[in-house]
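Novice: Need a 3D model of the following:
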Amino acid sequence: LGKNLLRQLKQLLKSAKFIKDHKVQDVHFTRRRILTFEKIAFTILKLITKSLQIECEFLESEPKKASPSKQAFSKARYKMKHTGFIELFKETIKGFYRNNHVGTWLGYRLIACDGSTINLPISKEIEEKFDRYKTNATDGKCPILGRISTFVDVCCGMILDAKIGSTNVGERAMAAEQLPEVTKVMRGLGEENLLYIYDRGYLSKEMIKQHIDLKVDFLFRMQAGVYVHIWKRILDGEMDFEDEINGHKIRAVGIKLSTGEIELLITSLVDKDKITIDHLNRLYQLCW
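Specialist: The predicted structure is shown next:
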């Protein structure tokens with residue numbers, strides 16, 4: 001599967017239509033040069049760990065010819081649009097899941113959502129787009145941070161969607177924007193039983209409704225201090241029961257950890273015969 005997928009991506013990178021669609025100007029990449037569109041794209045995708053100049057040395061296969069400089073490479077890569085990498089990403093997802101239904105859990109495709117922040121390079125354009133992270137902890141100049149949100153197939157390790165935005169936008173809002181697109185893509189690939197998994201901070205009545213409207217299942221880890229009526233039942237000893245949040249039926253399950261702490265899971269998987277509390281306990285361990 002991996003070799004076939006790589007072969008398909010190489011063919012795509014060489015195609016005249018792909019190059020035309022994703023180069024900045026029509027005149028770019030029209031001459032026969034060492035730094036072809038394909039070579040630049042693959043060098044970027046390698047996530048190089050050596051110096052850029054060392055990588056450039058390997059781009060010229062004929063020993064008598066001079067290798068391109070890192071300055072030439074940097075200049076050439078700005079002739080490529082970022083849209084090409086988005087198309088490559090989408091084709092990778094399609095190529096992996098087409099006719100490949102392995103890596104499911106009790107028939108469900110497990111998709112976990114998580115968010116974080118990332119330090120961004122310092123430039124005027126990036127600062128205007130993302131702004132500097134505001135904090136009360138220092139009077140110095142704050143870093144430029146971006147918030148990232150990813151949806152990942154837990155069983156296969158495939159990233160299904162990734163988004164970067166300003167830290168002014170919350171993780172939950174980013175996830176809500178991504179969820180319909182991820183669902184559309186996966187259903188287009190024949191994946192119908194989708195189970196989305198979220199850590200603390202994502203649960204809300206709006207998120208529950210969105211999943212119900214999309215007809216997909218969910219599992220949230222609930223933070224303490226919210227939906228007190230559900231927490232009260234857990235603390236009173238009920239560890240697996242049905243309840244409602246804003247009129248929507250949910251199942252609440254308490255998982256007792258080795259530390260004695262109780263984690264509370266909220267899920268749409270209400271069939272206790274099909275999905276037992278032991279199943280959810282193992283699912284919890286798998287994801288976190």
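
Novice: Only C-alpha atoms from now on, for both contacts and neighbour counts.
Specialist: OK.

Novice: So, low pLDDT: which residues of the stretch 101-250 of the chain?
Specialist: Applying pLDDT under 70 to the stretch 101-250 of the chain flags the ranges 101, 133-141.

Novice: quick one: the strands in it?
Specialist: 109-119, 145-153, 159-166, 194-198, 217-222, 240-245, 248-256 (DSSP state E, counting those that start in this stretch).

Novice: now what about the single longest helix found in the chain, what contacts it?
Specialist: When the chain is parsed with DSSP state H, its longest helix is helix 171-188. Residues outside helix 171-188 that contact it (CA atoms under 8 Å, 6 or more residues apart in numbering): 113-115, 147-149, 151, 160-161, 163, 192, 194, 201-202, 207, 210, 214.

Novice: list the buried ones in that helix?
Specialist: Glu171, Arg172, Met174, Ala175, Gln178, Leu179, Val182, Thr183, Val185, Met186 (16 or more other CA atoms under 10 Å).

Novice: between it and strand 194-198, what angle do the directions make?
Specialist: Orientation check (axes from the mean of the first three to the mean of the last three CA atoms, to 10 degrees): helix 171-188 against strand 194-198 gives 160 degrees.

Novice: gap between helix 171-188 and the chain center?
Specialist: 10 Å (CA atoms, centre = their mean, to the nearest Å).

Novice: can you check stretch 185-197 too?
Specialist: 15 Å.

Novice: Filter the contacts of helix 171-188 down to the buried ones, ChimeraX style.
Specialist: Restricted to buried positions by 16+ other CA under 10 Å, the ChimeraX selection for the contacts of helix 171-188 reads:
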select :113,114,115,147,148,149,151,160,161,194,202,207
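
Novice: Just put the buried residues of helix 171-188 in JSON lines and tack on distance to Val226.
Specialist: JSON lines is the format used below for these (distance: CA to CA, whole Å):
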{"residue": "Glu171", "distance to Val226": "18"}
{"residue": "Arg172", "distance to Val226": "16"}
{"residue": "Met174", "distance to Val226": "21"}
{"residue": "Ala175", "distance to Val226": "20"}
{"residue": "Gln178", "distance to Val226": "24"}
{"residue": "Leu179", "distance to Val226": "23"}
{"residue": "Val182", "distance to Val226": "28"}
{"residue": "Thr183", "distance to Val226": "28"}
{"residue": "Val185", "distance to Val226": "33"}
{"residue": "Met186", "distance to Val226": "32"}
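
Novice: dump the residue contacts of the residue nearest to the spatial centre of the chain.
Specialist: Nearest to the geometric centre of the chain sits Thr150, at 2.4 Å (CA atoms, centre = their mean). Shown in contact with Thr150 (CA under 8 Å, 6+ apart): Cys113, Asp114, Gly115, Ile159, Leu160, Asp161, Ala162, Lys163.

Novice: In the residues you listed, find the pair that's most separated.
Specialist: Gly115 and Leu160 (13.8 Å; CA to CA).

Novice: Enumerate every residue touching the residue nearest to the residue nearest to the centre of the chain when sequence neighbours are not counted.
Specialist: For Thr150, ignoring the flanking residues on the chain, the nearest one in space by CA to CA, 6 or more residues apart in numbering is Ala162 at 4.4 Å. Neighbour list for Ala162: Ile148, Ser149, Thr150, Phe151 [criterion: CA under 8 Å, 6+ apart].
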